Structure formats: C-alpha cells, structure tokens
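K.L.:
please work out how this folds:
(chains A and B)
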Amino acid sequence: GIQVEQSPPDLILQEGANSTLRCNFSDSVNNLQWFHQNPWGQLINLFYIPSGTKQNGRLSATTVATERYSLLYISSSQTTDSGVYFCAVERHGGATNKLIFGTGTLLAVQP
Amino acid sequence: AAGVIQSPRHLIKEKRETATLKCYPIPRHDTVYWYQQGPGQDPQFLISFYEKMQSDKGSIPDRFSAQQFSDYHSELNMSSLELGDSALYFCASSSGRHTEAFFGQGTRLTVV
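P.N.:
From the prediction side, this is the model:
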C-alpha cells in the first residue's frame, strides 16, 4: 500500500515563530488533505490539496504531486496551533475510498 | 453547516461484550469511512462504504463488522471486545470518490 511519511515528528516553537511541515508519499494520489488534531482529539480539516497551493489566514499548503510531497506552512504561530498535524492521502487509480494517514507531526507552541 | 454525527461520544464496555457505534454522514454524502486511533497513534483505516456497498477494507478485525444503510448512515459492530480495542473511533464522510472527507468528533471506547 501507499506509504505516507511526515517530518519532523516533533516540533517545539515559541509563539510568533514560523514553521514548515512536510508530507512525503510513495505513490500518485487523487486526494491529499491536511488535518489538525486538537488536544480534545477532534480532527479539523485544514486543506484539501491534491495539487497546487492554497492559503487560509496564517496557514498555507503546497502539494507538488509529480514529486510526491506536500508542505504545510504555519506563520506567526499561536498557542492554539498546538496539537498533531496529519496529512492523509488517497492513492490514484481504481474505485477506491481509502484515505491513509501519515505518522503526524506533534507541534507544541510555547507562550 | 451540518457535520458528521457520531454516537455515542463515550462508551465503556467490559471484555467480551459487544458494542455498536453509529455514524450519520453529512447530508448528500454517499461515502463513509471508519478509523481507529489508539493512544499516540495515527488513525488507522478500518473500512469504507460507497453508495451503501463496501468499498475498501483495511485492518479491521474479523470480530468487527460494518454496514451502510439505505439512509446512508453507518454502524460499526464490535463483538468479543478486548482491552486492545480501547481507542478513539472516527467516522468520516465525503461526496463521491477522492473528494474532501470530513470527520466526526469520534467515539471514545474504553474496554475494561
């Protein structure tokens, strides 16, 4: 099956700092999403981005499908950004509905 | 906007008991996914349904079964519960294939 790796596994930032999270995947994809799992366990949709670049406030994401990676940028981080960031992908081709999660990046933003 | 509804939110069961988790997708969504997330782990894909038919199967134990009903809601049935089944169970829904999936708030199952 498709492999999804995220880096770094852990990240500690001071409030106001910027960061880049990376997601590498081993096969062509039809779907790529970024999620934030907050300390209460809720999975919050950040981006649906199988290719291209999107921005939403302090967050932006870029997926380079031909090179099989995606980046999530967090600018001017806030303590409320803390939590686990997951990317999840769906392999290209076939009649499938199987969103596979990466291993996640645990982000802690300190005041 | 309507979201994915899961019930119950919390469930405590004893070993060897059965449990049924329910998922109500976003209106007009025809695809449902089920995931299991253990402590400190990433969500693991269990099973998915598209238009009331099983679409894909992941690492779902034989003790678990699921189905999607005519109104598109889905149920995950878990029998002979083991301590290791304690986890957060998520349901997600999407419209069609390869489109954005939205997750419910999860059911936290504790097996004692």
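K.L.:
what pLDDT is listed against A:Gly93?
P.N.:
pLDDT, A:Gly93: 76.
K.L.:
toward the C-terminus, what is the element adjacent to whichever helix or strand A:Phe47 is part of?
P.N.:
Counting by DSSP states H and E, the element that carries A:Phe47 is strand A:43-48. The first helix or strand that comes after strand A:43-48 along the chain, using DSSP H and E, is strand A:52-56.
K.L.:
for chain A, give me the ranges with low pLDDT.
P.N.:
A:94-95 (pLDDT under 70).
K.L.:
that one against chain B: which residues are in contact?
P.N.:
A:30-31, A:33, A:35, A:41-43, A:45, A:48, A:50, A:86, A:88, A:90, A:95-104 (C-beta under 8 Å from any C-beta of the partner chain). Heads up, the C-betas are built off the backbone N, CA and C, glycines and all.
K.L.:
in contact with residue 79, which residues?
P.N.:
Since you didn't name a chain, this refers to chain A. A:Thr79 is in contact with A:Glu15, A:Val109, A:Gln110, A:Pro111, counting by C-beta atoms under 8 Å, 6 or more residues apart in numbering or on different chains.
K.L.:
correction: the question concerned chain B.
P.N.:
B:Thr18, B:Arg63, B:Phe64.
K.L.:
and the contacts of the strand holding A:Phe47?
P.N.:
With C-beta under 8 Å, 6+ apart as the test, strand A:43-48 has contacts from A:31-38, A:54, A:56, A:59, A:61, A:72, A:85-86, B:43, B:90, B:99-100, B:102-103, B:106.
K.L.:
just to revisit the earlier point, of the contacts of B:Ser79, buried ones?
P.N.:
Burial by neighbour count, judged by 16 or more other C-beta atoms under 10 Å in any protein chain shown, picks out B:Phe64 from these.
K.L.:
of all residues in chain B, which one is nearest the centre?
P.N.:
B:Trp34 (3.5 Å; C-alpha atoms, centre = their mean).
K.L.:
quick check: that residue vs A:Ser7, distance?
P.N.:
28 Å (C-beta to C-beta, to the nearest Å).
K.L.:
now the contacts of strand A:43-48: which count as buried?
P.N.:
A:31-37, A:59, A:61, A:72, A:85-86, B:43, B:90, B:99, B:102-103, B:106.
K.L.:
show me the residues you listed that map onto strands.
P.N.:
Among the buried ones among the contacts of strand A:43-48, the ones falling in strands (DSSP state E) are A:31-37, A:59, A:61, A:72, A:85-86, B:90, B:102-103.
K.L.:
chain A contacts on chain B?
P.N.:
So far as C-beta under 8 Å from any C-beta goes, chain B lies against chain A at B:31, B:33, B:35, B:37, B:42-45, B:48-50, B:55-56, B:58, B:88, B:90, B:92, B:94, B:97-103, B:105-106, B:108.
K.L.:
show me which of the residues you listed are buried.
P.N.:
Here, 16+ other C-beta under 10 Å leaves B:31, B:33, B:35, B:37, B:42-45, B:48-50, B:55-56, B:58, B:88, B:90, B:92, B:94, B:97-99, B:101-103, B:105-106, B:108 buried among those.
K.L.:
quick one, which of the residues of chain A next to chain B are buried?
P.N.:
A:30-31, A:33, A:35, A:43, A:48, A:50, A:86, A:88, A:90, A:96-104.
K.L.:
do I have it right that A:Ser76 meets A:Arg58?
P.N.:
Yes. Using C-beta atoms under 8 Å, A:Ser76 is in contact with A:Arg58, at 5.5 Å.
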